[in-house]
Every structure is written in structure tokens, then in C-alpha cells.
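Student: How does the following fold in three dimensions:
(one chain, ligands or ions: 1)
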Amino acid sequence: MDYVFKMVVIGDSAVGKSQLLSRFSKNEFRSDIRATVGVEFQTKTVLIENKLVKAQIWDTAGQERYRAVTGAYYRGALGALIVYDITKHASFEHITRWLEELRHLAGPSVVVMLVGNKCDLEGLRAVPTEAGKELAEKEGLLFLETSALDATNVEKAFHMVLERIYRRTSRKSL
Ligand code: GDP
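Tutor: Numbering: from 1, shown residues only. Here you go, the predicted model:
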């Protein structure tokens, strides 16, 4: 293994964090109800510029409801997906709070992808694509809309973050 990068997936409860992680790491959309509550992580190895990069991706697994997401969860994270649900405007309004917490606890240079999930539910859309784009530009974040259900942009969202971390890390070690 050439590199191991820690990433976190954050955002309000039920926006699809676990399904995004499951789609990326196992190419599955889970139909079961989550059995365990607690922080868990998945790993997936990807190839970037001929180097093996292992992503170790942490999921809050329901704990965000109890504000139990702590410093240990964020510590050492080099990248993050901050996820909202395009059908739930409140989940979009909370993005800046998640971003503040992330930058405070993981450090200001963490690579962040803003993710508008559930884009398969176009008919129920409550957050325009343009609003996501604008927020991302204002805060200096990458941005994509995804669907964990039909796999739209999921691989790409994780990959873009890992690539950006890789470019920084490999530049530093030259
Ligand atoms: P978490 O609490 O943020 O980890 O959210 P979950 O991954 O548990 O997903 C919450 C609910 O939204 C579940 O019923 C999922 O099946 C559903 N869900 C997650 N992602 C998508 C998606 O991309 N499209 C649709 N239609 N439903 C999704």
C-alpha cells in the first residue's frame, strides 16, 4: 500500500451517508435497517497515478443524532464528504455548521466535497442545484449531486477528494 488516507462522511441524520459509503465500498444499496449504532469505517483501495491509495472512510452510523461525534472521529481526517438531502432543505441549511465543526476539529486544510444526495428524487427536489454550487464556491468546496440508490456520481465524489489529497501529499513528499 502506498498511501492510507482517512476520510469522514458527515451531515444530518438520514441524508444517505451510510448508503453512499456502502455504494462506494461494496457497490451495494442496503435494504436492511442498520443493526448497530456507533462509529464504523469501511476501506476501499483505489488507484491514483499508478499508486495504491487506501481510503479509510468513517461513518457516524446514527450517532449524529446524539451529538456524540467527537474529536476522535475527526482527528487525522484529510478529506470529507459533507452530505445533504436535495429533498430536505433543513439538511442543506445545516451544512455551514457541519463545515465549521469539521474545520475546527480536523483542521482548516481538510479537502471537502459538498454532496447533494438523492438526486434520483428529482420530483421531490427542495434544494436547487445552483444553491449547492453557490455555497460550494463561497466556501471553497468541491461539489457534486449524487444518488446512492442509482450510483450516480458516488465513485466520482470519493475519487475527486482522494485525488486532491494525493496531489497535496505527493507534492509535500517530493
Ligand atoms: P444516514 O443516516 O445519513 O446514514 O442515512 P442512510 O444511509 O441510513 O439513508 C437514510 C434513508 O435514505 C434510507 O432509507 C436510505 O435507503 C435512503 N437513501 C439514501 N440514499 C438515497 C438515495 O440516493 N436515493 C434515495 N431515493 N434514497 C436514499
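
Student: Now name the helix or strand holding the most centrally placed residue in the chain.
Tutor: By CA atoms, centre = their mean, the mean C-alpha position of the chain lies nearest to Leu81, the distance being 2.0 Å. Secondary-structure assignment from DSSP states H and E places Leu81 in strand 79-85.

Student: and what of Lys54?
Tutor: For Lys54, the enclosing helix or strand under DSSP H and E is strand 51-59.

Student: Name the strands paired with that strand and say parallel or antiparallel.
Tutor: Note on strand 51-59: by DSSP bridges, its sheet partners are strand 3-11 (parallel), strand 40-48 (antiparallel).

Student: residues of the last one that come out buried?
Tutor: Right, the one you point to is strand 40-48. Glu40, Phe41, Gln42, Lys44, Val46, Ile48 (16 or more other CB atoms under 10 Å). All C-beta spots, glycine's among them, are computed from the backbone N, C-alpha and C.

Student: name the helices or strands packed onto the helix or strand of the chain with the lowest mean pLDDT?
Tutor: Here the helix or strand of the chain ranked lowest by mean pLDDT, DSSP states H and E is helix 71-74, holding a mean of 84. Packing contacts for helix 71-74, counted by 3 or more CB pairs under 8 Å, 6 or more residues apart in numbering; DSSP states H and E, involve helix 95-106.

Student: which other helices and strands contact the helix or strand following the helix it packs on?
Tutor: Remark: after helix 95-106, the chain's next helix or strand is strand 111-117, criterion DSSP H and E. Counting contacts by 3+ CB pairs under 8 Å, 6+ apart, strand 111-117 packs against strand 79-85, helix 95-106, helix 129-139, strand 142-145, helix 154-172.

Student: need those in JSON lines with distance to the ligand, can you?
Tutor: Converted to JSON lines, the helices and strands packed on strand 111-117 look like this (distance: least, CB to the nearest ligand atom, whole Å):
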{"stretch": "strand 79-85", "distance to the ligand": "7"}
{"stretch": "helix 95-106", "distance to the ligand": "12"}
{"stretch": "helix 129-139", "distance to the ligand": "15"}
{"stretch": "strand 142-145", "distance to the ligand": "10"}
{"stretch": "helix 154-172", "distance to the ligand": "8"}
